[in-house]
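Enquirer: Sequence below, structure please.
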Amino acid sequence: MRSLFLLFFIFKIGLATGQNSDELKFINYLINKGDYKEALFLTEKSFSDFNPEQFDSLNYFKGWAHYSVKNLELSTLSLLNVSKSSPFYPKSRFFAGYNQIYLGNYAEAKEILIQTEVTEDPNLSLLTFELSGIEMLEGNWSEAKNRLSALNQNIALINQQIAILNKICEEQENHRQKSPVLAGIMSGIIPGSGKIYVGKTGEGIASLITNAGFGLITWENYRKLGINNFKTIFFGGIFIANYISNIYGTVISVKTIENEYQNKLHNQILFQLHIPLRNFFE
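Expert: Purely as a prediction, here's the structure:
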């Protein structure tokens, strides 16, 4: 039913005076309703059907619809075609840059933002803020702090996010990555100590008790029954398997914990970079 309505509407406005303006309004209406696929259907019409002065609006609507359905590369392409004479220009450039940040294309994001022609606050401070976030995502923490320190702290729309990014920088400076090699060596000397070292105290104590238990059982069977006895071999095999798996598991735990930390940090930064864009342009 909706498709029939769209076709009827296109036919109707195609016969009416001022058809292009009406169609752009209808596209905007669809986007505001959240009917992004229908809006994209209309924007896929040939640009020759529109007047050149309407290209900016069409590119913006197309880019925003793609952004809303997470087609970020296509969104970027359309948003970058919005000219600087358009009222949609600042929003288009900033969201095109954020698209590339989200996709992990930091060099492309920097190029888009640096080439964005803004000279006054609050947009100028917003641009510096986004660039500082990119530096953080790239691991350039000192450069990120320099950019953050240069920001205008009196802009209410970003002052909270500036404080949060500064706090993240401080936490990163104090973060000390655990060594998987050291953790493995510690677990080799005293089973479970490597896990205690990385902060998993409960698992470390459990590993120590388990390894000690199987070790004592193996030693007791060896002392009473000899090395070739089935019980000695059986419990000795369990002890060795637990001992080796404890070392391996400890090394993996260190890498997993660090990956989780970095992923959490990455997502926190992305989230903070997105909030001001919504606040500025909505």
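
Enquirer: For the rest of this, base every contact and every neighbour count on C-alpha atoms.
Expert: OK.

Enquirer: Just the C-alphas of stretch 90-107, formatted as CSV.
Expert: Included here for stretch 90-107 are C-alpha records, laid out as CSV according to Å, rounded to 0.1, in the frame of the first residue of the first chain:
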residue,chain,number,x,y,z
PRO,A,90,28.4,22.4,8.6
LYS,A,91,26.2,19.4,9.6
SER,A,92,27.1,17.5,6.4
ARG,A,93,30.8,17.9,6.9
PHE,A,94,30.9,17.1,10.6
PHE,A,95,28.7,13.9,10.1
ALA,A,96,30.8,12.9,7.1
GLY,A,97,33.8,13.1,9.3
TYR,A,98,32.2,11.2,12.1
ASN,A,99,31.2,8.5,9.6
GLN,A,100,34.8,7.9,8.8
ILE,A,101,35.8,8.0,12.5
TYR,A,102,33.2,5.3,13.2
LEU,A,103,34.6,3.2,10.3
GLY,A,104,38.1,3.6,11.7
ASN,A,105,39.3,5.6,8.7
TYR,A,106,41.0,8.2,10.8
ALA,A,107,43.2,9.8,8.1
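
Enquirer: Buried residues of that stretch, list them for me.
Expert: 90-102, 106 (16 or more other C-alpha atoms under 10 Å).

Enquirer: Would you convert those into JSON lines that also reports pLDDT and secondary structure?
Expert: Written out in JSON lines, the entries for the buried residues of stretch 90-107 read as follows (pLDDT from 0 to 100; DSSP: H, G, I helix; E, B strand; the rest coil):
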{"residue": "P90", "pLDDT": "93", "secondary structure": "helix"}
{"residue": "K91", "pLDDT": "94", "secondary structure": "helix"}
{"residue": "S92", "pLDDT": "95", "secondary structure": "helix"}
{"residue": "R93", "pLDDT": "95", "secondary structure": "helix"}
{"residue": "F94", "pLDDT": "96", "secondary structure": "helix"}
{"residue": "F95", "pLDDT": "96", "secondary structure": "helix"}
{"residue": "A96", "pLDDT": "96", "secondary structure": "helix"}
{"residue": "G97", "pLDDT": "96", "secondary structure": "helix"}
{"residue": "Y98", "pLDDT": "96", "secondary structure": "helix"}
{"residue": "N99", "pLDDT": "96", "secondary structure": "helix"}
{"residue": "Q100", "pLDDT": "96", "secondary structure": "helix"}
{"residue": "I101", "pLDDT": "96", "secondary structure": "helix"}
{"residue": "Y102", "pLDDT": "95", "secondary structure": "helix"}
{"residue": "Y106", "pLDDT": "96", "secondary structure": "helix"}
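
Enquirer: Give me the domain ranges for this protein.
Expert: Recorded structural domains for the chain (assignment: automatic domain parsing) are 1-111, 118-175, 180-266.

Enquirer: mind giving me a markdown table with the ones you listed and columns for distance to L277?
Expert: Output for those, formatted as a markdown table (distance: least, C-alpha to C-alpha, whole Å):
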| stretch | distance to L277 |
| --- | --- |
| domain 1-111 | 7 |
| domain 118-175 | 8 |
| domain 180-266 | 18 |
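
Enquirer: Which helix or strand contains E135?
Expert: E135 belongs to helix 123-137 when assigned by DSSP states H and E.

Enquirer: packing partners for the helix or strand following that helix?
Expert: Read in the C-terminal direction, the helix or strand following helix 123-137 is helix 141-149, with elements assigned using DSSP H and E. Here helix 141-149 touches helix 123-137, helix 156-174, going by 3 or more C-alpha pairs under 8 Å, 6 or more residues apart in numbering; DSSP states H and E.

Enquirer: Minimum distance to D56: which of these has it?
Expert: D56 sits nearest to helix 123-137 of all the helices and strands packed on helix 141-149, at 19.8 Å, using C-alpha to C-alpha.

Enquirer: other SSEs contacting the closest one?
Expert: The elements that helix 123-137 packs onto, with contact taken as 3+ C-alpha pairs under 8 Å, 6+ apart, are helix 89-102, helix 106-114, helix 141-149, helix 156-174, helix 230-281.

Enquirer: and the angle for the last one with helix 123-137?
Expert: It refers to helix 230-281. Comparing the axes of helix 230-281 and helix 123-137 via axes from the mean of the first three to the mean of the last three C-alpha atoms, to 10 degrees yields an angle of 170 degrees.
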